[in-house]
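Peer 1: Using only what follows, build the 3D model:
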Amino acid sequence: MSDGTTYSAPGLKVVSLGSRGRGVVAERNFKQGEVIAIWRGSIITESEVLQLSESERSQLLQVDENAFLVTSKALVNADFINHSCEPNCGFTDSTTLVAMRDIKAGQTITFDYAMSDTKTIFAFDCWCGTSKCRKKMSGNDWQLADLQERYAGWFAPHVARLIKQSRH
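Peer 2: Model prediction:
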């Protein structure tokens, strides 16, 4: 990883989701707390994000209030981890994704983008199909009380700070 390449845990496989693009499934069991991905890249600002194509934006990770991680390296398995309204992964810092619970081989690897995204430029229709599906991801979802409760301890640090500030 010293070359700035994103880390993907061994045992992740990119699969086709048909018209919805690609996603990642576990090819082996992962234990709760096990590192799934550590994203690396260069930092760009929101104004720079707005100059990117929609396709390029889909590969960004928000890592601070006005900081987004982008890579010029070839995409790796972790770059295809999708959103779910009932995720099995969360953040331990701004770029490290870990299993929130045990994940069995064959399960899709997901995180709720509300754990890191706070900008409406990332709004999209959600098709996760889970019982808790919100149907839309707005960029403001981190403000929802039920998500703040469910994901306590799993938000990226910049989102956790916003939540703390909103309560004072």
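Peer 1: isn't residue 97 right up against residue 87?
Peer 2: No - contact criterion CB atoms under 8 Å: residue 97 and residue 87 do not qualify, at 9.6 Å. In short, each C-beta sits where N, CA and C put it, glycine included.
Peer 1: any common contacting residues for those two?
Peer 2: In terms of CB atoms under 8 Å, 6 or more residues apart in numbering, residue 97 and residue 87 are both contacted by the residues residue 111.
Peer 1: Let me see the ranges of the helices in this structure.
Peer 2: Secondary structure of the chain (DSSP state H): helices located at 46-49, 54-57, 145-150, 157-166.
Peer 1: With just CA atoms, put the last one into PDB.
Peer 2: Read it as helix 157-166. Output in PDB follows, covering the C-alpha atoms of helix 157-166 (Å, rounded to 0.1, in the frame of the first residue of the first chain):
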ATOM      1  CA  PRO A 157     -15.100  10.900  11.600                       C
ATOM      2  CA  HIS A 158     -16.300  14.000   9.700                       C
ATOM      3  CA  VAL A 159     -19.900  12.700   9.800                       C
ATOM      4  CA  ALA A 160     -19.600  11.800  13.500                       C
ATOM      5  CA  ARG A 161     -18.400  15.400  14.100                       C
ATOM      6  CA  LEU A 162     -21.400  16.800  12.200                       C
ATOM      7  CA  ILE A 163     -23.800  14.600  14.300                       C
ATOM      8  CA  LYS A 164     -22.200  15.700  17.500                       C
ATOM      9  CA  GLN A 165     -22.400  19.400  16.500                       C
ATOM     10  CA  SER A 166     -26.000  19.000  15.500                       C
END
